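A.B. asks: Have a look at this prediction, sequence included:
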Amino acid sequence: MAKKKQTRHKSALKAQRQSIKNAILNRHVKKSVRIAVRAVIDAAKAKDVDKVAELTSKAAEALDKAAKHGTIHWKAAARKKSRLAAQAKILIAAPAAAK
């Protein structure tokens, strides 16, 4: 904790502590979202349809949780879920179109 100086109020010190704590929590939440999304894309590239469906719901859950806690905006979460589903659909359907 920072040493209290004449120019720094107690409330400012507390706000600084809170911002550091929230930054750590937000970093963890964003990392879990990235990992979940990456798992969906990897499964889609491997053409594992069942796994894609399961992992897509988990990624959507992670995005919703991040939006609920305010780490990301709820519209950003909805946009990412939509784009992820569309991307997974394209990656799965790509070899079928080529044949």
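C.D. replies: Everything's here; your move.

A.B. asks: Which helix or strand lies directly C-terminal to the longest helix anywhere in the chain?
C.D. replies: Scanning the chain for the longest helix, with DSSP state H as the assignment, gives helix 10-45. With elements assigned by DSSP states H and E, the helix or strand that comes after helix 10-45 is helix 49-68.

A.B. asks: Which residues does that following helix contact?
C.D. replies: For helix 49-68, the surrounding residues in contact (C-beta atoms under 8 Å, 6 or more residues apart in numbering) are 29-30, 32-33, 36-37, 39-40, 43-44, 72-74, 76-78, 80-81, 84-85, 88, 92. (Glycine included, C-beta is placed from N, CA and C.)

A.B. asks: Okay, angle between it and helix 10-45 too, please.
C.D. replies: Helix 49-68 runs at 170 degrees relative to helix 10-45, counting by axes from the mean of the first three to the mean of the last three C-alpha atoms, to 10 degrees.

A.B. asks: Quick one: mean pLDDT over the helix or strand following helix 49-68.
C.D. replies: Sequence-wise, the next helix or strand downstream of helix 49-68 (DSSP H and E) is helix 74-98. The pLDDT scores in helix 74-98 average 87.

A.B. asks: go on, stretch 19-37?
C.D. replies: Here stretch 19-37 scores 96 as its mean pLDDT.

A.B. asks: Please point out which parts of that stretch sit buried.
C.D. replies: Residues 29, 32-33, 36-37 are the ones in stretch 19-37 that count as buried (16 or more other C-beta atoms under 10 Å).

A.B. asks: can you redo the residues you listed as TSV with distance to residue 10?
C.D. replies: Below are those laid out as TSV (distance: C-beta to C-beta, whole Å):
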residue	distance to residue 10
29	29
32	34
33	35
36	40
37	41
